[in-house]
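A.B. asks: heads up, no residue letters with this:
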């Protein structure tokens, strides 16, 4: 079966809306209902966050959701069990995102095999840098048809961007600013310059902009310079335990998507 | 074979497992650090400060009453006599000179007990650089005097309120700050932990301890080599300093004291090599206390300087290759050894260093053995802990 990420970017060239959600948040059993509802609302792609005790690249919102999910009892075992039949309901690309240590403890090969069996299309492991990925992981990822999504930032040198482009399959995750997740508000001229600089490089992979994308305005600015964008912290903030989950997700999706259809 | 390799590894441990956001900073450091710290002008500036500001060389003291008590030849390497009261200042001065030469304008640091925070704030005051120290909110509460020292020195102390609100969370916060300020800021890590090149860099700055030891032992015993060197390990910077020049001398036995807290099986411990397994945290692969699912476990020790869930990757390598012998010392064993040293030698050790002293109760040494204990810090900061401890329990 073809990788759904590659398929998505072949069919859709702009305004791709990707959403990050933390597995097991806000309640342990919300993982599948959240994914299913996001797909129903026409979200194009989903990153499923695997919670970790020490998420160094994340800001307060996602840190807190990680802690709640872990306190709820989330683990990779539980997650894989929850989503084992996800492909019965959901056919958009699904990506697992998280820190390396839990994956390493599960066993890299066992993890990739399991993810692939479930129908996961890609992985984002922010603390697995390019050189170590190429040396120790690339072959295994390939064997199980998992795209490794690599990050670039405003500080990444052109040479390294080319290397990352070469090693990527699926898309490149463009971190919008020098920051952790959920930090900035609005998009500055400096960031736009960075977006334009990357656009002009004509990379072989499509680009998705993430970090600091929180509403319709930032989403559409990002989409003017890349194939799409990822919203994480703003979505996590939109989820609460005391209201009807599908309604919250619908309201969130509509607040971003209106006028872009 | 115990030095870092070209890719930043010690055997299977080490490396730079960092998010792309930190790559330019760490890469800049990796490319520059050896060039800078091996330059003559760096060495001159660093050595002069170690001499006139820190008060080095620190004495190697023959502890005659302790020696008599344990029926062996005990020498104390007196890092407790350094300015600011511990070995930490060796590293912070080295790193701040390096930071200046990299053109950095601000310094951030993490701290557990506050010793590294104080040493960083001190170095920043000396160099006129702004300083932000992240400290777990829980630690701020239990280490008030050090918080006040840092503030008096002009540093901003920022509470880390995430996770367990202790050292590992302060480290997370410092890393986040560095991600958010990639251009003008240097992160002074306090131990031989973090992504390559930090463990090697910190080891080099602390290696002055064993460099001096060689000369001092030659003068006092006629040989550069002791039979044993004993040091405590949290992250492991004082131990690395004491071991550094002896790593390739197998005739010198290296002994590590890890903090076992209330006991190895109590669930309240920080004895990483006894309770952990290989994992990845704070940028390097090392031995890590964690759940089966790979979540980092919060360690415990009476000593705030030893309650870190990992150890430096170089120590993980020394453990795996059995180059060093890893012992575990409970709170109680450390407190008793700390009191004994106070009463026999008139030297009140930091509770961290008391863990190294406690090895004397666990192991039998020959009367002719030369045993060096790295007395990494003084106990002034621990007076409340000593006073409140129930030795009779």
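C.D. replies: Nice, thanks for sending it over. All figures in this text were calculated on a predicted structure; none of them were measured in a lab.
A.B. asks: CA only for contacts and neighbour counts going forward, please
C.D. replies: Fine.
A.B. asks: what about residue A:213, which helix or strand?
C.D. replies: Mapping residue A:213 onto the secondary structure by DSSP states H and E places it in no helix or strand at all.
A.B. asks: so it sits right up against residue A:230, yeah?
C.D. replies: Yes: with contact defined as Cα atoms under 8 Å, residue A:213 reaches residue A:230; the gap is 6.7 Å.
A.B. asks: For residue B:371, give its distance to chain A.
C.D. replies: 38 Å (Cα to the nearest Cα, to the nearest Å).
A.B. asks: State whether that residue is indeed within a helix.
C.D. replies: No: using DSSP: H, G, I helix; E, B strand; the rest coil, the assignment for residue B:371 is strand, not a helix.
A.B. asks: so it makes contact with residue B:73?
C.D. replies: Yes: counting by Cα under 8 Å, residue B:73 is a contact partner of residue B:371 at 5.9 Å.
A.B. asks: what about the strands in the stretch 151-261 of chain A?
C.D. replies: A:151-152, A:172-175, A:207-210, A:228-231 (DSSP state E, counting those that start in this stretch).
A.B. asks: for the stretch 101-250 of chain B, same thing?
C.D. replies: B:106-111, B:131-136, B:156-160, B:185-188, B:228-232.
A.B. asks: For chain A, find the nearest of the ones you listed.
C.D. replies: strand B:156-160 (11.2 Å; Cα to the nearest Cα).
A.B. asks: re the thing from before, would you mind finding the most buried of the strands of the stretch 101-250 of chain B?
C.D. replies: Ranked by mean neighbour count, the strands of the stretch 101-250 of chain B are led by strand B:131-136 with a mean of 29 (mean count of other Cα atoms under 10 Å in any protein chain shown).
A.B. asks: now that one and strand B:156-160, what's the angle there?
C.D. replies: 30 degrees (axes from the mean of the first three to the mean of the last three Cα atoms, to 10 degrees).
A.B. asks: Distance to residue B:263 for the strands of the stretch 101-250 of chain B - can I get that in JSON lines?
C.D. replies: JSON lines is the format used below for these (distance: least, Cα to Cα, whole Å):
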{"stretch": "strand B:106-111", "distance to residue B:263": "25"}
{"stretch": "strand B:131-136", "distance to residue B:263": "24"}
{"stretch": "strand B:156-160", "distance to residue B:263": "28"}
{"stretch": "strand B:185-188", "distance to residue B:263": "32"}
{"stretch": "strand B:228-232", "distance to residue B:263": "16"}
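A.B. asks: Flag the shaky bits of the stretch 101-250 of chain A, pLDDT-wise.
C.D. replies: Within the stretch 101-250 of chain A, the segments meeting pLDDT under 70 span A:184.
A.B. asks: wait, I meant the stretch 151-300 of chain B
C.D. replies: Scanning the stretch 151-300 of chain B for pLDDT under 70 picks out nothing.
A.B. asks: residues from it in reach of chain A?
C.D. replies: B:162-163, B:169, B:172-173, B:175-176, B:179-182, B:279-281, B:283, B:292-296 (Cα under 8 Å from any Cα of the partner chain).
A.B. asks: Please list only the buried members of the residues you listed.
C.D. replies: B:162-163, B:169, B:172-173, B:175-176, B:179-182, B:279-281, B:283, B:293-296 (16 or more other Cα atoms under 10 Å in any protein chain shown).
A.B. asks: ok, now which ones touch residue 66?
C.D. replies: In the absence of a named chain, this looks at chain A. A:22, A:25, A:50-53 (Cα atoms under 8 Å, 6 or more residues apart in numbering or on different chains).
A.B. asks: think we crossed wires, I meant chain B
C.D. replies: Counting by Cα under 8 Å, 6+ apart, residue B:66 has contacts B:74, B:341, B:344-345.
A.B. asks: if we go to 7 Å?
C.D. replies: B:74, B:344 (Cα atoms under 7 Å, 6 or more residues apart in numbering or on different chains).
A.B. asks: Equivalent analysis for the one 10 residues further on, please.
C.D. replies: Residue B:76 makes contacts with B:60-63, B:372-375, as judged by Cα under 7 Å, 6+ apart.
A.B. asks: Now rank these by neighbours and give me the top one.
C.D. replies: residue B:375 (32 neighbours; other Cα atoms under 10 Å in any protein chain shown).
A.B. asks: wait, that one sits on residue B:355?
C.D. replies: No: with contacts counted by Cα atoms under 7 Å, residue B:375 stays clear of residue B:355, the gap being 9.8 Å.
A.B. asks: what's residue B:87 in contact with, if anything?
C.D. replies: Residue B:87 touches B:79, B:238, B:376-377, counting by Cα under 7 Å, 6+ apart.
A.B. asks: So which of the residues you listed is the closest to chain A?
C.D. replies: Nearest to chain A among the contacts of residue B:87 is residue B:238, at 25.6 Å by Cα to the nearest Cα.
A.B. asks: show me the contacts for the closest one.
C.D. replies: B:87, B:206, B:376.
A.B. asks: Quick check on residue A:55: phi, psi?
C.D. replies: phi -80, psi 90 (degrees, to the nearest 10).
A.B. asks: Okay, and the closest residue to it other than its chain neighbours sits in which element?
C.D. replies: Nearest residue to residue A:55, sequence neighbours excluded (Cα to Cα, 6 or more residues apart in numbering or on different chains): residue A:63, at 6.4 Å. Secondary-structure assignment from DSSP H and E places residue A:63 in helix A:60-72.
A.B. asks: So for that helix, mean pLDDT?
C.D. replies: Averaged across helix A:60-72, pLDDT comes to 96.
A.B. asks: Count the residues that sit near residue 86.
C.D. replies: Since you didn't name a chain, this refers to chain A. When neighbours are counted by other Cα under 10 Å, residue A:86 comes out with 18.
A.B. asks: Chain B, not that one
C.D. replies: Neighbour number of residue B:86 under other Cα under 10 Å is 24.
A.B. asks: shouldn't it be in contact with residue B:79?
C.D. replies: Yes: with contacts counted by Cα under 7 Å, residue B:86 reaches residue B:79, the gap being 5.5 Å.
A.B. asks: shared neighbours of those two, anything?
C.D. replies: B:376-377.
A.B. asks: Residue A:162 - how many residues pack around it?
C.D. replies: Around residue A:162 there are 14 residues (other Cα under 10 Å).
A.B. asks: Can you give me the distance of it to residue B:376?
C.D. replies: 47 Å (Cα to Cα, to the nearest Å).
A.B. asks: now residue B:367
C.D. replies: 24 Å.
A.B. asks: so what's the closest residue to chain A within the stretch 251-393 of chain B up against?
C.D. replies: In the stretch 251-393 of chain B, the residue that lies nearest chain A is residue B:294 (4.2 Å; Cα to the nearest Cα). Applying Cα under 7 Å, 6+ apart to residue B:294 gives the contacts A:101-102, A:105.
A.B. asks: could those go into a markdown table alongside neighbour count, secondary structure and distance to chain B?
C.D. replies: Below are the contacts of residue B:294 laid out as a markdown table (neighbours: other Cα atoms under 10 Å in any protein chain shown; DSSP: H, G, I helix; E, B strand; the rest coil; distance: Cα to the nearest Cα, whole Å):
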| residue | neighbour count | secondary structure | distance to chain B |
| --- | --- | --- | --- |
| A:101 | 26 | helix | 5 |
| A:102 | 26 | helix | 4 |
| A:105 | 21 | helix | 6 |
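A.B. asks: which one of those sits closest to residue B:142?
C.D. replies: residue A:101 (30.3 Å; Cα to Cα).
A.B. asks: Isn't the closest one up against residue B:278?
C.D. replies: No: taking contacts as Cα under 7 Å, residue A:101 lies outside contact range of residue B:278: 9.3 Å.
A.B. asks: In contact with residue B:282: list those residues for me.
C.D. replies: Residues in contact with residue B:282 (Cα under 7 Å, 6+ apart) are B:194-195.
A.B. asks: Mind doing that once more with 6 Å?
C.D. replies: Counting by Cα atoms under 6 Å, 6 or more residues apart in numbering or on different chains, residue B:282 touches residue B:194.
A.B. asks: do you know how far it is from residue B:15?
C.D. replies: 11 Å.
A.B. asks: near chain B, which residues of chain A?
C.D. replies: A:53, A:56, A:101-102, A:105, A:126-128, A:178-179 (Cα under 6 Å from any Cα of the partner chain).
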